[in-house]
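Chemist: pasted the sequence and its predicted model underneath.
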Amino acid sequence: MIKRLLIALTLSLLVLASVKAQDIPLFSQKLTNSFIYNPAMAGHTFGSLTLANRKNFNNVTGAAENNFLSFHTPFYDHRFGVGANIFKEKVNFIDNTYISGAFAYHINFGSYNVLSMGVSAEYNSLGFDTGNVIGDRNDPLLGQKTNNMDFSFGINYQHRYFKVGAAANRLATSLAISNNASVLSEFYSGYAAGLIPLRGGQDILEPTFTYRKFSETNDIWDAGLYYTYNNLLTVGGSMRKGDIINVAAGLKIARKIFVGYSYEIVNNNLGSDVGASSEIAIRFDFNDKTYQERFQKDYKNALAYRRKTLSSAAKRTNVGSRSPKMAKKKQTRRLRNIKSPNARYNNLKKLPKVERRKFNNKKRRKANYKRSKKRSKGRRYK
């Protein structure tokens, strides 16, 4: 039943109409939980609790400030996942609150082949904070507040060496299901990332590409490269449409606690005027089943098995001997030590001997002769 529902939702994405213009919060895709964009990531690989804060354009008064809290976890042997997001954005006197709850279904085709599909229900509330308004606070427009219910759909595919995904958000707005006119519009996003193991799987190199479409004329893309050392330190950067450069670093300060920071600048004439944007994220992992740790464990197990196989083969074929003579001597010595199948009986404790009666063959022949004579005489008299 669940599979049929998710397949129907997938097919519905093919008939969606055009999109409207409305921007969304742009968190760092690598360091911040990407679950806010794609509900299919709920419970994918591991569960976590993420808290992030982003300040945009520090030279602009009243620039947007974003706070984000995310929770998601897998259950039923990683087949399903649930999660929730709370996002709060403040731009001058405009206050936006976003809350969502997601459910995901994960189909495991192997250790690293996972197809995930997810849906989420969303609530948006857009209003005005009169405390920051300069001038007439009795304006009736300031008391208005727009509430909107919506839903989203996402899909993600994880392979051993890459992952791809796509999401469609605010679909009720696109399909005109909501009765109230919404100032928010639907948007679409897609991403692809490579997972290149280095140093025997201890390090991971990740080239990433993300595309977001907000309207027919408004879209952006991000291309980045990140390097994770020994599952402890992550460094990298990305470029957004050639105008915005982002550098990021993350550190695993404890077994299940990850802290990340990113710094973003505008690479054009406006860069010095608007200033830079910064983002800090703290993530608490519920378990250690991350991709890199599973990859390292699998690589070590495969390497140990390969060494064991090669060593046993070397013993059988005398690989590594210094000369043919030495190999022949070793073979002869080994054959001498091989015992026959009956050799194991030699080590058994001998059973006690049974006393046997000894017979004299001469006496036995005489006795038999006498018996036969008596029998023959008896026959004659009869």
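Modeler: On my side now, so go ahead.

Chemist: going forward, measure contacts and count neighbours with C-alpha atoms only.
Modeler: Will do.

Chemist: all the helices of this protein, in order from the start?
Modeler: With DSSP state H, the ranges of helices along the chain come out as 2-12, 171-174, 271-274, 291-317, 324-337, 361-381.

Chemist: least confident of the ones you listed, on average?
Modeler: For the helices of the chain, mean pLDDT drops lowest on helix 2-12, to a mean of 40.

Chemist: can you give me the strands for the stretch 151-300 of the chain?
Modeler: 162-169, 187-194, 196-198, 203-213, 219-229, 233-240, 244-252, 257-266, 277-285 (DSSP state E, counting those that start in this stretch).

Chemist: same check, this time on the stretch 1-150 of the chain
Modeler: 48-55, 65-75, 80-91, 94-108, 114-128, 146-158.

Chemist: can you put these in TSV and add mean pLDDT, mean neighbour count and distance to residue 366?
Modeler: Output for these, formatted as TSV (pLDDT from 0 to 100; neighbours: other C-alpha atoms under 10 Å; distance: least, C-alpha to C-alpha, whole Å):
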stretch	mean pLDDT	mean neighbour count	distance to residue 366
strand 48-55	92	20	103
strand 65-75	91	21	95
strand 80-91	90	21	97
strand 94-108	91	20	91
strand 114-128	89	21	95
strand 146-158	90	21	98
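
Chemist: and those as a markdown table, adding distance to residue 42?
Modeler: Output for those, formatted as a markdown table (distance: least, C-alpha to C-alpha, whole Å):
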| stretch | distance to residue 42 |
| --- | --- |
| strand 48-55 | 10 |
| strand 65-75 | 5 |
| strand 80-91 | 5 |
| strand 94-108 | 6 |
| strand 114-128 | 7 |
| strand 146-158 | 10 |
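
Chemist: of the ones you listed, which is nearest residue 369?
Modeler: Of all the strands of the stretch 1-150 of the chain, strand 94-108 sits nearest to residue 369, with 91.2 Å by C-alpha to C-alpha.

Chemist: strands paired with that closest one, and their directions?
Modeler: Strand 94-108 has these partner strands in its sheet, going by DSSP bridges: strand 80-91 (antiparallel), strand 114-128 (antiparallel).

Chemist: contacts for it next, please.
Modeler: Contacts with strand 94-108, where a contact means C-alpha atoms under 8 Å, 6 or more residues apart in numbering, come from 39-44, 78-90, 114-129.

Chemist: about what we covered before: among the strands of the stretch 151-300 of the chain, which comes closest to residue 63?
Modeler: strand 277-285 (10.0 Å).

Chemist: that closest one - contacts with which helices or strands?
Modeler: Secondary-structure packing of strand 277-285 (3 or more C-alpha pairs under 8 Å, 6 or more residues apart in numbering; DSSP states H and E): strand 48-55, strand 257-266.

Chemist: tell me which of the strands of the stretch 1-150 of the chain lies nearest to residue 285.
Modeler: Residue 285 lies closest, by C-alpha to C-alpha, to one member of the strands of the stretch 1-150 of the chain: strand 48-55, at 4.3 Å.

Chemist: orientation of the closest one relative to strand 65-75 in degrees?
Modeler: 170 degrees (axes from the mean of the first three to the mean of the last three C-alpha atoms, to 10 degrees).

Chemist: sorry, back to before: and residue 194, which of the helices and strands packed on strand 277-285 is closest to it?
Modeler: Proximity to residue 194 (C-alpha to C-alpha) singles out strand 257-266 among the helices and strands packed on strand 277-285, at 20.5 Å.

Chemist: in PDB, list the C-alpha atoms belonging to that closest one.
Modeler: This file holds the C-alpha atoms of strand 257-266, laid out as PDB (Å, rounded to 0.1, in the frame of the first residue of the first chain):
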ATOM      1  CA  ILE A 257      28.700  15.700  18.100                       C
ATOM      2  CA  PHE A 258      29.600  17.600  14.900                       C
ATOM      3  CA  VAL A 259      30.100  21.400  14.700                       C
ATOM      4  CA  GLY A 260      30.300  23.200  11.300                       C
ATOM      5  CA  TYR A 261      30.900  26.800  10.200                       C
ATOM      6  CA  SER A 262      30.600  28.400   6.800                       C
ATOM      7  CA  TYR A 263      31.500  31.900   5.600                       C
ATOM      8  CA  GLU A 264      30.000  33.300   2.400                       C
ATOM      9  CA  ILE A 265      31.000  36.400   0.400                       C
ATOM     10  CA  VAL A 266      29.600  38.100  -2.600                       C
END
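
Chemist: where does pLDDT dip in the stretch 151-300 of the chain?
Modeler: Scanning the stretch 151-300 of the chain for pLDDT under 70 picks out 174-184, 288-300.
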